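Student: Sequence below, structure please.
(2 chains)
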Amino acid sequence: AQKVTQAQTEISVVEKEDVTLDCVYETRDTTYYLFWYKQPPSGELVFLIRRNSFDEQNEISGRYSWNFQKSTSSFNFTITASQVVDSAVYFCALSEALGGSQGNLIFGKGTKLSVKP
Amino acid sequence: NAGVTQTPKFRILKIGQSMTLQCTQDMNHNYMYWYRQDPGMGLKLIYYSVGAGITDKGEVPNGYNVSRSTTEDFPLRLELAAPSQTSVYFCASSYSKGQGTYEQYFGPGTRLTVT
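Tutor: Predicted coordinates for the structure are as follows:
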């Protein structure tokens, strides 16, 4: 069965600190996709990144970076030099490519990040 | 492009009433989805559609119905509203081809309260 676990319910940091959000997933498929979404206080869901299971290269986008490790079934998200605008709930999600799931996303429960000035 | 739009933004229903949540996308995406988000929780899939005329149940379909007569529209119908349906509802769309799964784009959400 598919499952996404975000063990950190809430994290609070001071501006300019680095912070890592953990994501552990479970799947029986060899082909799958992992995603991160941001939900700011305004409530909308903003897509951040998509990674397929065959690409274990880490990715960096500005202050954001992602570490994908199949050996530990983890897809962690790091924000470098955090800013107040990074305050949001961050969701990790999993989608299997095969079978009847039709690309449906399985979400973790989210990690609420608060960045204080 | 407007992306994914949802109406209404807020709604209060009395127990037993019915309503339709509207969702429209202008990105020509073939897949569309309805999720609900309860406080402190991630999103759970209610129904999805892989194209016009084709719909299927997700994880929590009870109490809801959907239809997909066009590529653009995917309304969600609540029949006999119950307090357990108090939630924030998100519509999403994506493009999928073969076994590829691309990112889903979400609407702004509808906050529904049933009292």
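
Student: Give me the distance between residue B:42 and residue A:67.
Tutor: When distance is defined by C-beta to C-beta, to the nearest Å, residue B:42 is 21 Å away from residue A:67. In short, each C-beta sits where N, CA and C put it, glycine included.

Student: Neighbour count for those two, which is higher?
Tutor: With neighbours defined as other C-beta atoms under 10 Å in any protein chain shown, residue B:42 and residue A:67 compare such that residue B:42 has more, 21 against 15.

Student: If I look at residue A:96, what pLDDT would I see?
Tutor: For residue A:96, the model assigns a pLDDT of 79.

Student: And the helix or strand harbouring residue B:88, what does it pack against?
Tutor: Of the helices and strands defined by DSSP states H and E, residue B:88 is found in strand B:87-94. Strand B:87-94 sits against strand B:4-7, strand B:19-25, strand B:31-37, strand B:105-106, strand B:110-114, with contacts defined as 3 or more C-beta pairs under 8 Å, 6 or more residues apart in numbering or on different chains; DSSP states H and E.

Student: Need the pLDDT of the spatially most central residue of chain B.
Tutor: Nearest to the mean C-alpha position of chain B, counting by C-alpha atoms, centre = their mean, stands residue B:34 at 2.6 Å. Here the pLDDT value assigned to residue B:34 is 96.

Student: these two touch, right, it and residue B:65?
Tutor: No - checked against C-beta atoms under 8 Å, the pair residue B:34 and residue B:65 is beyond contact range at 10.5 Å.

Student: joint contacts of the two?
Tutor: For the pair residue B:34 and residue B:65, residues contacting each of them under the criterion C-beta atoms under 8 Å, 6 or more residues apart in numbering or on different chains are B:47, B:76.

Student: Report the beta-bridge partners for residue B:45.
Tutor: Each beta-bridge partner of residue B:45 is listed here, defined by DSSP bridges: residue B:35.

Student: Please report how far it lies from residue A:95.
Tutor: Per C-beta to C-beta, residue B:45 is found 11 Å from residue A:95.

Student: Doesn't residue B:84 belong to a strand?
Tutor: No - counting by DSSP: H, G, I helix; E, B strand; the rest coil, residue B:84 is located in no strand; its state is helix.

Student: Mutual contacts of residue B:45 and residue A:95, please.
Tutor: Shared contacts of residue B:45 and residue A:95 (C-beta under 8 Å, 6+ apart): A:104-105.

Student: the more surrounded of these two?
Tutor: Comparing residue B:45 with residue A:95 by neighbour count (other C-beta under 10 Å), the higher total belongs to residue A:95, at 25 against 22.
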